[in-house]
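In: got a sequence here, can you model it:
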Amino acid sequence: PVVLGMMTRLVEYKGTHLLIDAVTLLKRRGFDIKLLIAGDGEEKENLIQKTQFLGLENEIQFLGWIDLEEKKTFYQSIDIAVVPTMNDTQPLAILDAFAWGKPVVASDHISVQQIIRHGENGLMTKCGDVSDLADQLQKLIKNPNFLQELSKISYSEAVEKYSDLVIARKLSKFVESCRR
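Out: Prediction:
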């Protein structure tokens, strides 16, 4: 099966419920899908109940909050990282997935648009649109070469644009420019 992964706080605006619905659509379309959800939060019980109601207990696994070692296992286990956020200032989950060399499918929320360039370093879906989310995931699932290409590009961007050293240099330049 193709393994999707989402690492997040389980609150409504992060869109986990949308991803569960997209898994339902993908399963109906005949895809063999697994979803790993790492995180905890106020919506966890509702999401578990939704999963049970939809009969997806075999496809969806709730991992709870994971530590650094478990995070390594999580990213080694998934094929695609999904960030269907409906409201976020800067979804660090995208940068995290990039650093692990995982392709990302995310909503087109304004915060996501600061990082993802659709079709170049990831895929974006219409915010809140379950069908579009399933369609974009299907695009990657059906095209493993494109999936691999996005993986390489996203990892390169993590190193070239978002590494600690690069961010420190940019911050230092900014501070210097403020002193003038």
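In: switch to C-alpha atoms for all contacts and neighbour counts from now on
Out: Will do.
In: next one: Cys178 from Val166, what distance?
Out: Using CA to CA, to the nearest Å, one gets 19 Å for the distance from Cys178 to Val166.
In: before we move on, what about Arg117?
Out: Separation of Arg117 from Val166 (CA to CA): 20 Å.
In: circling back to that earlier point, more neighbours, Cys178 and Val166?
Out: More crowded of Cys178 and Val166, by other CA atoms under 10 Å: Val166, with 14 against 8.
In: check contacts around that one.
Out: The neighbours of Val166, taking CA atoms under 8 Å, 6 or more residues apart in numbering as the test, are Glu160.
In: what's the offset of the host helix or strand of it from the middle of its chain?
Out: Using DSSP states H and E, Val166 sits within helix 164-179. Offset of helix 164-179 from its chain centre (CA atoms, centre = their mean, to the nearest Å): 28 Å.
In: go on, stretch 91-105?
Out: That offset, for stretch 91-105, works out to 6 Å (CA atoms, centre = their mean).
In: burial of Ala81, as a residue count?
Out: 28.
In: look up how far Leu165 lies from it.
Out: Between Ala81 and Leu165 the distance, using CA to CA, works out to 25 Å.
In: re the thing from before, next, the buried residues of the helix holding Val166.
Out: Within helix 164-179, no residue counts as buried by 16 or more other CA atoms under 10 Å.
In: how about stretch 141-156?
Out: The neighbour-count check on stretch 141-156 (16+ other CA under 10 Å) flags 141, 146-148, 150-156 as buried.
In: now stretch 28-44
Out: Under the neighbour-count criterion of 16+ other CA under 10 Å, stretch 28-44 has 31, 33-40, 44 buried.
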